[in-house]
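> Provide a 3D model corresponding to the input given below.
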Amino acid sequence: MPSRCEIRLEPRHTDQGEAKGEPTQPIIRTLPRTQQSGREAFSPKLGGEYDICTMCLEEVGRRWKAQLSSKAKTKWSLTIDALDEAELGGLPFGPVDAATGGDFKTTASKMKSLIGRVTGMVSENEYERDQEEIFRNASETVNGRVMWAAIMQIIIYAAIAAYQVWSSRWSSRGYDDYGKKHYHDTQSSASYSSTSGGSSVSSDHPPAKSKDDDIVHFEWKRGDRLGEQGRYICMKHLGDGTFGRVIGCADTYYNNQMVAVKVIRDVQRYKESAEIEAEILQRLNRRMEKWGLTHAETHIVRLYETFYHHQYYCLAFEVLGCSLYDLIKANNYRGLFMTDVQALARALFKSLQFCHDEMKLTHTDLKPENVLFMEATTKHDVSCYEYDAADLPRRLRGCDGHSRRRTKLYLRPKCDKMKVIDFGNGTFRDDHHSSIVNTRQYRSPEVILGHGWNEVSDMWSVGCILMEAYSGELLFPTHDNLEHLHMMERVLDRRFSSHYLGRSNSESKAKLLTLDRYSQWTLHGIHDHKHLQNIHDCRPLRYMVASGHELLADLVERCLEVDPSRRITAAEALNHEFMFTDFSHNE
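Sure, this is the predicted structure:
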């Protein structure tokens with residue numbers, strides 16, 4: 001961080017303006033940096049030196065320029081110089097861009113996008129300044145590429161502060177919840193769970209505020225009736241999400257059995273998405289009836305019926321327990337017992353075997369939030385955990401036999417049976433296939449590279465989920481395509497072949513690939529220190545599992561086969577040796 005900065009305003013005018021006596025000499029102010037963070041620096045004077053905090057640098061220059069311009073018609077050119085460039089190594093923005101003078105237009109575009117997302121979420125006016133004005137000033141003459149990083153840091157600080165206000169209003173997985181290995185990656189929606197929201201849409205970033213977000217959820221009170229002839233009696237609130245609100249209701253047609261009624265918000269695109277999900281689930285129901293299968297056998301959530309309540313589209317589901325993500329989070333992101341990982345694998349493979357083999361259906365959005373435990377245990381106890389304070393999985397204990405992390409008691413599910421939810425993005429083989437599917441961290445390489453995809457892309461997602469359940473951490477903690485592909489090479493401990501990369505579409509080749517002098521396709525190199533560290537933090541798969549758990553690594557490695565034609569299928573996975581091994585004495 002520079003200890004001093006110099007702001008220079010030079011007049012820009014024609015020869016006629018110079019003749020009229022307008023200013024001709026530059027005005028220079030040296031601004032010593034202090035640690036103050038109050039508003040004193042936001043009242044710059046036109047003479048003398050004054051202290052300034054880092055966050056106020058760009059704002060002071062802009063307001064100073066505005067004051068001068070108001071006193072004369074002269075247009076001023078703003079120039080900012082760092083007087084101590086050597087001290088810039090500690091910039092949170094990153095020393096790489098500061099040293100190399102990275103493309104500012106690209107950086108500014110990214111930051112403008114970020115600020116556009118976060119400022120729309122806050123009600124305070126603290127950071128809701130004119131974005132276009134900020135970036136117009138930033139595009140003016142600036143001497144010293146290093147100083148660009150300092151200016152951008154100011155904007156980053158403002159964005160972070162706005163994000164802190166914004167994040168308190170959104171409940172989602174992020175740095176506070178998942179630690180350095182986890183990122184906010186989903187737009188949570190109401191689910192069929194009795195304890196949490198699990199249905200979601202694929203997204204790499206927090207949802208941007210739109211006019212649809214101003215449309216309120218369905219209002220209700222205990223005792224209200226929904227459905228034909230008031231079939232469902234509203235009893236309790238189960239959760240809210242982007243798409244709608246989930247209400248626990250008593251079904252008067254079936255001895256007041258509890259059901260989860262998902263009331264979709266009165267937004268046309270949300271209704272259309274819910275109708276697609278309902279249509280897919282109804283097709284699955286009909287095929288199950290034809291083959292004499294139950295929902296417990298296929299591990300797919302059960303949809304009872306759909307109906308309209310006034311203008312609100314409603315779906316009645318069975319009540320399920322918490323999600324797999326909820327369990328991982330409740331255990332402070334420690335891994336599950338091997339027997340629980342085994343049960344998870346069995347549920348996922350059976351569900352996908354039915355969807356892939358019988359229905360030619362790809363789920364496209366498998367992740368821990370979309371895997372729910374089947375039972376809420378009792379009518380009154382909706383918790384899906386039980387306490388097991390005596391023992392942790394052996395691999396999670398330290399030398400003294402206790403947890404390696406200071407945390408609350410370890411929780412185990414009361415029921416190890418699970419179901420898959422959220423088929424709103426499901427795609428049949430003959431349907432149009434979107435170019436991008438899946439939540440980022442569970443996305444297969446063929447999707448990223450634009451090769452086209454089919455049912456086995458779900459198997460890649462399962463491999464990521466199994467390792468996340470085992471370790472408690474994301475297998476690929478990234479938000480960047482190139483970084484993601486490099487992480488895959490690191491985890492799989494082998495490079496993508498030139499032939500495989502050469503099948504990528506033109507857009508992927510331009511953004512992600514390089515044709516070397518030997519006419520071989522390779523991934524673009526990465527020079528950013530942060531990305532390099534993220535990739536280095538990944539380990540080859542075989543080193544991620546404890547002794548005696550090599551079968552899990554083998555199964556996951558087959559799920560993560562880069563070539564879809566060689567990737568293991570759900571039916572084959574059910575016959576893998578891992579599924580028949582007793583891990584009760586080697587958790």
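
> count of neighbours near residue 575?
10 (other C-beta atoms under 10 Å). No exception for glycine: its C-beta is placed from N, CA and C like everyone else's.

> For it, give its distance to residue 555.
From residue 575 across to residue 555, the span is 11 Å (C-beta to C-beta, to the nearest Å).

> what does residue 444 give?
16 Å.

> what's the answer for residue 274, then?
Distance of residue 274 to residue 555, computed by C-beta to C-beta: 35 Å.

> again, but for residue 433
Taking C-beta to C-beta, one finds residue 433 at 27 Å from residue 555.

> So between these two, which is more surrounded?
residue 555 (21 against 16).

> ok so that one is a helix residue?
Yes - judged by DSSP: H, G, I helix; E, B strand; the rest coil, residue 555 forms part of a helix.

> dump the residue contacts of it.
345, 463, 466, 568, 573, 576, 578 (C-beta atoms under 8 Å, 6 or more residues apart in numbering).

> mind listing which of those residues are in helices?
345, 463, 466, 573 (DSSP state H).

> Can you check the pLDDT for the third one?
So the one you mean is residue 466. On pLDDT, residue 466 comes in at 98.

> do the first one as well
Among the per-residue scores, residue 345 holds a pLDDT of 98.

> now it: how far from residue 551?
Applying C-beta to C-beta to residue 345 and residue 551 gives a distance of 11 Å.

> which neighbours do these two share?
Residues within reach of residue 345 and of residue 551 at once, by C-beta under 8 Å, 6+ apart, are residue 578.

> of these two, who's got more company?
residue 345 (24 against 18).

> Ignoring the adjacent residues along the chain, who's closest to the more buried one?
The shortest distance from residue 345 to any non-neighbouring residue, by C-beta to C-beta, 6 or more residues apart in numbering, is to residue 466 (5.8 Å).

> now swap in residue 244 and tell me
Per C-beta to C-beta, 6+ apart, closest to residue 244 is residue 264, 4.2 Å.

> List phi and psi for the one you found.
Backbone torsions for residue 264, taken as degrees, to the nearest 10, come to phi -80, psi 140.

> which residues does it contact?
Counting by C-beta under 8 Å, 6+ apart, residue 264 touches 243-244, 270-271, 274, 312-315.

> would you turn those into JSON lines with distance to residue 354 and neighbour count?
Converted to JSON lines, the contacts of residue 264 look like this (distance: C-beta to C-beta, whole Å; neighbours: other C-beta atoms under 10 Å):
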{"residue": "243", "distance to residue 354": "25", "neighbour count": "28"}
{"residue": "244", "distance to residue 354": "27", "neighbour count": "27"}
{"residue": "270", "distance to residue 354": "27", "neighbour count": "19"}
{"residue": "271", "distance to residue 354": "27", "neighbour count": "18"}
{"residue": "274", "distance to residue 354": "22", "neighbour count": "23"}
{"residue": "312", "distance to residue 354": "31", "neighbour count": "17"}
{"residue": "313", "distance to residue 354": "26", "neighbour count": "20"}
{"residue": "314", "distance to residue 354": "26", "neighbour count": "23"}
{"residue": "315", "distance to residue 354": "21", "neighbour count": "24"}
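
> Restricted to strands, list the residues you listed.
Judged by DSSP state E, strands contain the following of the contacts of residue 264: 244, 312-315.

> Which members of those residues define the maximum pairwise distance?
312 and 315 (10.6 Å; C-beta to C-beta).

> quick one: which of the contacts of residue 555 is nearest residue 357?
residue 573 (12.2 Å).

> Excluding chain neighbours, what is closest to that closest one?
residue 349 (4.7 Å).

> Which element, helix or strand, includes that neighbour?
helix 338-353 (DSSP states H and E).

> now for that helix, which elements pack on it?
Here helix 338-353 touches helix 295-298, strand 371-373, strand 418-420, helix 457-471, helix 550-559, helix 570-574, going by 3 or more C-beta pairs under 8 Å, 6 or more residues apart in numbering; DSSP states H and E.

> Who are the packing partners of the longest one?
Applying 3+ C-beta pairs under 8 Å, 6+ apart, one finds that helix 457-471 contacts helix 324-330, helix 338-353, helix 445-448, helix 550-559, helix 570-574.

> could the ones you listed go into a markdown table alongside distance to residue 225?
Shown next, in a markdown table, are the helices and strands packed on helix 457-471 (distance: least, C-beta to C-beta, whole Å):
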| stretch | distance to residue 225 |
| --- | --- |
| helix 324-330 | 30 |
| helix 338-353 | 34 |
| helix 445-448 | 44 |
| helix 550-559 | 46 |
| helix 570-574 | 41 |
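
> Could you list the domains of this structure?
Following automatic domain parsing, one gets these domains for the chain: 4-167, 186-318, 333-371+396-401+418-580.

> Surely residue 275 and residue 308 touch.
No - in this structure, residue 275 is not within contact of residue 308 by C-beta atoms under 8 Å, at 11.0 Å.

> rewinding a little: need the contact list for the residue nearest to residue 345.
So residue 466 contacts 341, 344-345, 348, 552, 555-556, 559 (C-beta under 8 Å, 6+ apart).

> Only the buried subset of those residues, as a PyMOL command please.
To isolate the buried members of these in PyMOL, using 16 or more other C-beta atoms under 10 Å:
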select buried, resi 341+344+345+348+552+555+556+559
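
> Could you provide the contacts of residue 466 in a markdown table, with additional columns for distance to residue 291?
Listed next are the contacts of residue 466 as a markdown table, based on distance: C-beta to C-beta, whole Å:
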| residue | distance to residue 291 |
| --- | --- |
| 341 | 28 |
| 344 | 24 |
| 345 | 23 |
| 348 | 20 |
| 552 | 31 |
| 555 | 27 |
| 556 | 30 |
| 559 | 26 |
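
> got a list of what residue 521 touches?
Counting by C-beta under 8 Å, 6+ apart, residue 521 has contacts 498, 501-502, 504, 509, 513-515.

> Neighbours of the nearest residue to residue 337 once chain neighbours are set aside, how many?
Excluding the flanking residues, the one nearest residue 337 by C-beta to C-beta, 6+ apart is residue 587, at 4.7 Å. Using other C-beta under 10 Å, residue 587 has 20 neighbouring residues.

> In the contacts of residue 521, which residue is surrounded by the most others?
residue 501 (23 neighbours).

> So which of the contacts of residue 264 sits lowest on pLDDT?
pLDDT across those is lowest for residue 243, at 87.

> does that residue really touch residue 274, like I thought?
Yes - the pair residue 243 and residue 274 qualifies as a contact (C-beta under 8 Å) at a distance of 6.6 Å.

> intersection of neighbour lists for these two?
262, 264.
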